[in-house]
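>>> Next one to model:
(chains A and B)
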Protein chains: 2
Amino acid sequence: MTQQNEKKPMDMEFELKAALKCSATLEGSVSQADIDELVASCNTNLLKRGAPPGCGAEIVKWNVAEDKIKLKIVSDRFVRAHDALLRLKKEFGKLLGKHRIGIRGIEIEKYKIALDWGEEEGLRVRNLPFVKEIKQEKGSLELLLDVDESALDKRIPDRLIRLLEDKIDAARWKGKSEHWELLFESEKKPYHFDKDPTEEMLKRGWLQHAAGRGQYVYGPQLTKIFRALEKILLDELLTPLGYNEMIFPKFVAWDVWKRSGHAKGIYPEAYYVCTPKTRDPEYWEDVMDYFKVTNEVPLDMIMGKIENVGGMCYAQCPPFWVFLQGKIMPDEILPIYVFDRSGTSYRYESGGLHGIERLDEFHRVEVLWMGTKQQTIEHAKELQKRYRTIFHDILDIEWREAWVTPWFMAQEGKAGLAELREVGTTDYEAVLPYSGKWLEFQNVSVNGNKYPKGFSVKLQSGEELWSGCSGVGLERWAAVFLAQKGLDAENWPEKFSSVVGELPEVFKFL
Amino acid sequence: MTQQNEKKPMDMEFELKAALKCSATLEGSVSQADIDELVASCNTNLLKRGAPPGCGAEIVKWNVAEDKIKLKIVSDRFVRAHDALLRLKKEFGKLLGKHRIGIRGIEIEKYKIALDWGEEEGLRVRNLPFVKEIKQEKGSLELLLDVDESALDKRIPDRLIRLLEDKIDAARWKGKSEHWELLFESEKKPYHFDKDPTEEMLKRGWLQHAAGRGQYVYGPQLTKIFRALEKILLDELLTPLGYNEMIFPKFVAWDVWKRSGHAKGIYPEAYYVCTPKTRDPEYWEDVMDYFKVTNEVPLDMIMGKIENVGGMCYAQCPPFWVFLQGKIMPDEILPIYVFDRSGTSYRYESGGLHGIERLDEFHRVEVLWMGTKQQTIEHAKELQKRYRTIFHDILDIEWREAWVTPWFMAQEGKAGLAELREVGTTDYEAVLPYSGKWLEFQNVSVNGNKYPKGFSVKLQSGEELWSGCSGVGLERWAAVFLAQKGLDAENWPEKFSSVVGELPEVFKFL
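Numbers count the residues shown, from 1 in each chain, chains lettered A, B, ... in the order given. Got it, this is the predicted structure:
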């Protein structure tokens, strides 16, 4: 998903000062000549291995002091200085072993990486993890790293460089809108309404603002409309296609988002979940006392007594994959079709008042299928056909379909071309007559082998397992339908009305 | 709910040193004789008003220094010293007004409260809000308060005393089990199973542990059983009784729990929800960078960037009441019957592995009704009749019903007698043959006017609005049914089997 094949590789220079710490003093046992000879040999062979001619790493300074071999290594991108150091640790180990001396570890005195930063002068980098100093001058970015041996083992320097490459990619895409390409457009339909349906429903008491931001309590009328939409989805698509219902978790532990990729970029929009550090009532007594005495909840005290363990459902399918995690399935049970409608999803949306088309808390039926590559792609087409029938024959709405940046790339914080034709997302959009704006109200996505790979799910045959998902937001379907058709049943298409039936009148207010 | 009518009132002594700060020096304008006279008069009248003969507050020392009138007040429980001070501020204001001097405020030098603590020697009080020092000696508890004028305005001293009375009540009930009184017992039924159904279902792949504690992913078979139970509830109870579906919020903002009373004691068991302090991606860049470089989610960094706003659904009905908050309804629309099945509930349960009978994340249908007192009580009986029919005729289980501590008292951290016969909770319990333990699997509660009062909902007639609720935990119903009847459909009662139909086989693992 990074565009490395399109751009010239970044120039890099590495300068590393480190010491190999030995189990005993070398003075009197290993001669300077032996060390010099090994350095010369490494500079010729070991530190050039795998690099193009004339490239690689080099020890430019070295000396022995008591139990330490001090080295200064410079390199280019081909054998990075920290890789060179790890190679050298091994090679020096062999020499010292002959003198019954071991290498206890690596001490890093200084590690500087200078990168070509010509093209990206507009991109300021102010802080980076494991970096104590950053100098950005025209054309170059110089990092002074704060790393120890264990950070080298975890390949932190390489991950830092990949992070910088990602930042450059992101900066290139910034400002450019996400990919969008029209695939299909329905015929024009007459609109029966030009108002904001949420405003109108609030007036009629069909819903009320709840206590949280972007959250409503839905009254009997609107709930009945939601259940009718759900029934249409079941009767026209899920049941005929052989779907079975499952219940996916709604609290999402971090491990799930690490595997799904959401841990890369979900943070600004997540609803975070924290649990008590202990459920011992005595631990919480001061909080309860404070509330009882002031009638205010002491939020600061609470923050010190809870720990973050994950978040609430954002994309609905990731926690399903734990059901299959680490498992091997026989190929003959494919394709598999399941769906979930067991709870709420959350997004921390931008502030201000929105209607039911943009909510922090919303309700979605998640449709999930998996199979071989071919089965998965074929089934996405079948779903698209069925959705068109629903939108055309039953809801009678005006909509369009577009090929867009895959949802999981967008959710990982990546924009970019949807240049693939097999893996990707089709968005369904409809115009809201009251604002003239187009609203994305559902999607169908082929996710390739992303999830089976992330959750280590395999097929017996060794063939790649693919999957797809499609989220049906009940609020979004209702928002589109009601914006185009209005709230009065007399203007609704016959087939839809017959599913909904009579709208109940339960509450009345003075 | 405190048992004040049963116990003798606590002895108390208040000693308050404070100054009334005036807008100008009193020297030269108000004579000492005037002050002395006012003090004498207050000691005789104002500070005794409302107290039994010989009781009340008294100014025992006073003097004027520049712009301050310094007072030392002692009192008993009848006119508490801080109340006396507020009365005096007004009275002195009248006198000073004649000299065109105002009172700017109150400065509190020292406030000591000594309480009779004879009976409760076992109860140690170590910390209290707004208290800087606590001395507990045999027979007495002495508090040195840390309060200013605004704390007096908020009645913090009175709330502190109420808190201490609550602590005494709680200590008295501690160890005593909650109230439990058998109301009904079904006939004995044959058991077809002696294993833990969760263990057995894990073996069959009907469910899998999810990534969070006390959380499962439910496969197609068990989900179908849940939906059958839900359908039975709909067909046999909700639909015939005229219930309408609504969608209650699942994120619960603190304001809701303040009104419902849960903010008094929910803390050790809550799933807390926090939102980002901002959704500006730059604010989150260091977190994303850290994850990309280490593949670890930096939980400490996150805790500094989020704020607690409430928690996830615990009891299911409180957030419904926001729909009616502050409203007045005409009496003729009563009774009202609504239910919600739109999402998950959470409890931070004690650690260790449990089956589906004790979960952190679970699924519940919440049944809620309201009406006049009589309607509400009558309807609870109707529900109980219908539930018995379901348990007897369709699920064919063995169960019992008991009158217990009302659920909202238990959830506010209060045990105690369920001495009321109109407001209260009936628990339904069934034996789990594999463990011999009784499991509470549902309840029916008449909540009196608790919620209408907490959320300011009124009837046009002025009559009291009452409400009740009944939670049907799908996992609990399934746990009881499967523990008694087993997993093999051949041992299930005919009527239940016909609702469930064939169990789907979707997944297979090597």
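>>> Which parts of the stretch 201-350 of chain A are helices?
Counting by DSSP state H, counting those that start in this stretch, one finds helices in the stretch 201-350 of chain A at the ranges A:220-233, A:254-260, A:285-294, A:299-303.
>>> Can you report how many residues neighbour A:Pro52?
Using other C-beta atoms under 10 Å in any protein chain shown, A:Pro52 has 9 neighbouring residues. Just so you know, the C-beta spots here come from the backbone N, C-alpha and C atoms, and that holds for glycine as well.
>>> before we move on, back to that, reformat the helices of the stretch 201-350 of chain A into JSON lines and put distance to chain B next to each item.
Formatted as JSON lines, the helices of the stretch 201-350 of chain A follow (distance: least, C-beta to the nearest C-beta, whole Å):
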{"stretch": "helix A:220-233", "distance to chain B": "4"}
{"stretch": "helix A:254-260", "distance to chain B": "5"}
{"stretch": "helix A:285-294", "distance to chain B": "5"}
{"stretch": "helix A:299-303", "distance to chain B": "5"}
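>>> In TSV, list those helices along with mean pLDDT and mean neighbour count.
As requested, the helices of the stretch 201-350 of chain A are arranged in TSV below (pLDDT from 0 to 100; neighbours: other C-beta atoms under 10 Å in any protein chain shown):
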stretch	mean pLDDT	mean neighbour count
helix A:220-233	98	21
helix A:254-260	97	22
helix A:285-294	96	20
helix A:299-303	98	15
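>>> wait, which of those is closest to B:Cys55?
When the helices of the stretch 201-350 of chain A are compared by C-beta to C-beta, helix A:285-294 sits nearest B:Cys55, at 25.5 Å.
>>> Please compute how far that closest one lies from its chain's middle.
Distance of helix A:285-294 from the chain centroid (C-alpha atoms, centre = their mean, to the nearest Å) equals 39 Å.
>>> Touching that helix from outside, list them.
Contacts with helix A:285-294, where a contact means C-beta atoms under 8 Å, 6 or more residues apart in numbering or on different chains, come from A:296-298, A:301-302, A:305, B:127-130, B:154, B:156, B:159-160, B:162-163, B:166, B:263-265, B:267, B:413.
>>> Spell out for me which residue occupies the centre of chain A.
Nearest to the mean C-alpha position of chain A, counting by C-alpha atoms, centre = their mean, stands A:His262 at 2.3 Å.
>>> what pLDDT does it get?
What the model reports as pLDDT for A:His262 is 96.
>>> Same check on A:Glu236?
At A:Glu236, the pLDDT value in this model is 98.
>>> now swap in A:Val30 and tell me
Looking at A:Val30, the pLDDT reads 89.
>>> Touching, it and A:Ile101? I think so.
Yes. A:Val30 is within contact range of A:Ile101, at 7.2 Å (criterion: C-beta atoms under 8 Å).
>>> May I see the helices of the stretch 201-350 of chain A organised as TSV, with distance to B:Met329 added?
Below are those laid out as TSV (distance: least, C-beta to C-beta, whole Å):
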stretch	distance to B:Met329
helix A:220-233	14
helix A:254-260	44
helix A:285-294	30
helix A:299-303	34
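>>> and the stretch 401-510 of chain A, which of its residues are near chain B?
A:413, A:460, A:504, A:506-510 (C-beta under 8 Å from any C-beta of the partner chain).
>>> With respect to B:Trp257, which of these is nearest?
Nearest to B:Trp257 among those, with distances taken as C-beta to C-beta, is A:Phe507, at 23.3 Å.
>>> Count the residues that sit near the closest one.
21.
>>> residues contacting it?
Shown in contact with A:Phe507 (C-beta under 8 Å, 6+ apart): A:205, A:219-220, B:323-324, B:329, B:333, B:336.
>>> at 10 Å instead, please
A:205-206, A:208, A:219-221, B:244, B:246, B:323-324, B:327, B:329-330, B:333, B:336, B:338 (C-beta atoms under 10 Å, 6 or more residues apart in numbering or on different chains).
>>> That one: what secondary structure?
Under DSSP: H, G, I helix; E, B strand; the rest coil, A:Phe507 falls in the coil class.
>>> Tell me if I'm right that A:Leu439 and A:Ala478 touch.
No. In this structure, A:Leu439 is not within contact of A:Ala478 by C-beta atoms under 10 Å, at 11.3 Å.
>>> Between the two, which contacts overlap?
A:Glu357.
>>> Pull up the residues of the stretch 1-150 of chain A that are close to chain B.
Taking C-beta under 10 Å from any C-beta of the partner chain as the criterion, the neighbours of chain B within the stretch 1-150 of chain A are A:125-131.
>>> can you count the residues close to the residue in the stretch 1-150 of chain A that chain B sits nearest to?
Scanning the stretch 1-150 of chain A for proximity to chain B using C-beta to the nearest C-beta identifies A:Pro129 as nearest, at 4.7 Å. Neighbouring residues of A:Pro129 were enumerated by other C-beta under 10 Å; the total is 20.
>>> and if you look at A:Asn295?
13.
>>> check which helix or strand covers the residue of the stretch 1-150 of chain A closest to chain B.
Using DSSP states H and E, A:Pro129 falls within no helix or strand.
>>> Surely A:Gly242 and B:Pro504 touch.
Yes. Counting by C-beta under 10 Å, A:Gly242 touches B:Pro504, with 9.4 Å between them.
>>> Of the two, which one has the most company?
The neighbour count for A:Gly242 versus B:Pro504, taken as other C-beta under 10 Å, is higher for B:Pro504 (17 against 12).
>>> The more buried one and B:Leu459, how far apart?
Per C-beta to C-beta, to the nearest Å, B:Pro504 is found 49 Å from B:Leu459.
>>> Kindly report the same for A:Pro406.
A:Pro406 is 54 Å from B:Leu459, by C-beta to C-beta.
>>> could you point out which element follows the worst-scoring helix or strand of chain A on mean pLDDT?
Least confident helix or strand of chain A, by mean pLDDT, DSSP states H and E, is helix A:407-411 with a mean of 74. Next helix or strand after helix A:407-411 toward the C-terminus (DSSP H and E): strand A:424-432.
>>> strands paired with that next one, and their directions?
Taking DSSP bridges as the criterion, strand A:424-432 forms sheet pairs with strand A:400-404 (antiparallel), strand A:437-446 (antiparallel).
>>> For the longest one, C-alpha coordinates in PDB please.
Extracted C-alpha coordinates of strand A:437-446, given in PDB (Å, rounded to 0.1, in the frame of the first residue of the first chain):
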ATOM      1  CA  LYS A 437     -25.500  16.300  -0.200                       C
ATOM      2  CA  TRP A 438     -24.700  12.800  -1.100                       C
ATOM      3  CA  LEU A 439     -24.600  10.400   1.900                       C
ATOM      4  CA  GLU A 440     -22.700   7.100   1.800                       C
ATOM      5  CA  PHE A 441     -25.300   4.700   3.200                       C
ATOM      6  CA  GLN A 442     -23.700   1.300   2.800                       C
ATOM      7  CA  ASN A 443     -20.700  -0.600   1.300                       C
ATOM      8  CA  VAL A 444     -19.700  -3.900  -0.200                       C
ATOM      9  CA  SER A 445     -16.000  -4.800   0.300                       C
ATOM     10  CA  VAL A 446     -13.800  -7.600  -0.900                       C
END
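>>> Averaged pLDDT, it. What do you get?
Mean pLDDT, computed over strand A:437-446, is 96.
>>> Give me the buried stretch members for that strand, please.
A:439, A:441-446 (16 or more other C-beta atoms under 10 Å in any protein chain shown).
>>> The first one too?
Judged by neighbour count (16+ other C-beta under 10 Å), strand A:400-404 contains these buried residues: A:401-404.
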